[in-house]
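**Q** here are the coordinates; sequence isn't available:
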């Protein structure tokens, strides 16, 4: 999000008019500049302002405990507009100011809509891919600089990580940090839920506590770790990993569906505009099935092969053209 976006969210927050989605985005932004690597993302402030912000934060924590009885940070946002001193909001705005002499972009926030069976596909700067489940978010940098790659997940996501020797990939999710070198796995860490779950589909991952760096386990294929937040204990299990990702395939089995309807769903999932050179191409009915982890180009290649069309990338998005299907129904056997 840009600084302008943050300023607008903070103004709505101060007025108590933020939607749940906007509150979630604001929380993710706040966590991003509190992160140890925040300076790499362009959040800079002088020492005095930093101390002032942290003092505000500690005061907010004390008030949260008194008002909510320890119900957590997410609940605190619901009443914070009433009790946060304006000095705190001022510090937020100061912290979000553009850094002098730098144009380094801030972190990116991807979000899957909180609608049943909604998903969001993200291709990261290192070509690793993530599929977010409904209502989940991923905070990630524009580029992975330095000796490691790191993202922050809220909710549930399927990761397919590209191997980069000497540059580990880390996911922060709740109280856990998952470290991988090259593998496919899912993480389930919804706010307010008692457990964080990591399931490995292939490869190997290392699970640690975020605060203590305590090693909780090293998982391989078809293993799962369930971490209990309140007790700070973890249990490792043998599972069928494929059963944990059945949600990926939902909505990706097209049985004689008009190409235009499929394009609308794909456009939302891959965050791209899809247009047809001819309206008649929208009516071609498609039969195709996907795993839900394919890239946009892989999906379009199959759909266009089935529909006797081609696709091109343009400045506005994807344009589908060609003769179209010769019959009212087209299918492919995969």
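**A** Thanks, I have the structure now. Since we're looking at a predicted model, the values are computed, not measured.
**Q** quick one, helices of the stretch 201-334 of the chain?
**A** Along the stretch 201-334 of the chain, the stretches classed as helices by DSSP state H, counting those that start in this stretch are 246-249, 259-270, 296-307.
**Q** and residue 269, how far is that from residue 118?
**A** Applying Cβ to Cβ, to the nearest Å, the value for residue 269 to residue 118 is 8 Å. Where you see a C-beta, it was placed from the backbone N, CA and C, and this is true even at glycine.
**Q** Residues contacting stretch 212-230, please?
**A** Stretch 212-230 is contacted from outside by 174-176, 185, 194-209, 233-241, 244, using Cβ atoms under 8 Å, 6 or more residues apart in numbering.
**Q** So which of those sit within strands?
**A** Using DSSP state E, the subset of these located in strands is 176, 185, 195-202, 204-209, 233-238.
**Q** Is residue 107 in contact with residue 138, as I believe?
**A** No: contact criterion Cβ atoms under 8 Å: residue 107 and residue 138 do not qualify, at 10.0 Å.
**Q** ChimeraX command to pick out the buried ones of the contacts of stretch 212-230?
**A** A single ChimeraX command selects the buried members of the contacts of stretch 212-230 (16 or more other Cβ atoms under 10 Å):
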select :174,175,176,185,195,196,197,198,199,200,201,203,204,205,206,207,208,234,241,244
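**Q** ok so, going back, with distance to residue 315 added, can I get the helices of the stretch 201-334 of the chain in TSV?
**A** Shown next, in TSV, are the helices of the stretch 201-334 of the chain (distance: least, Cβ to Cβ, whole Å):
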stretch	distance to residue 315
helix 246-249	31
helix 259-270	16
helix 296-307	16
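**Q** can you list these in CSV and add distance to residue 127 and mean neighbour count?
**A** Shown next, in CSV, are those (distance: least, Cβ to Cβ, whole Å; neighbours: other Cβ atoms under 10 Å):
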stretch, distance to residue 127, mean neighbour count
helix 246-249, 19, 14
helix 259-270, 15, 19
helix 296-307, 12, 18
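**Q** Give me the below-cutoff pLDDT ranges for the protein.
**A** Applying pLDDT under 70 to the chain flags residues 1-106, 326-334.
**Q** strand partners of the longest strand anywhere in it, parallel vs antiparallel please.
**A** Using DSSP E, we find that the single longest strand of the chain is strand 149-160. Sheet pairing of strand 149-160 (DSSP bridges) gives strand 129-133 (antiparallel), strand 137-140 (antiparallel), strand 169-173 (parallel), strand 184-189 (antiparallel).
**Q** in it, what counts as buried?
**A** Neighbour-count burial for strand 149-160, counted by 16+ other Cβ under 10 Å, picks out 149-160.
**Q** Relative to residue 240, how far out is the closest residue to residue 284 other than its chain neighbours?
**A** In this structure, residue 284 finds its nearest non-sequential neighbour in residue 325, 3.9 Å apart by Cβ to Cβ, 6 or more residues apart in numbering. Using Cβ to Cβ, residue 325 is found at 38 Å from residue 240.
**Q** Over to residue 207?
**A** Taken as Cβ to Cβ, the span from residue 207 to residue 240 is 19 Å.
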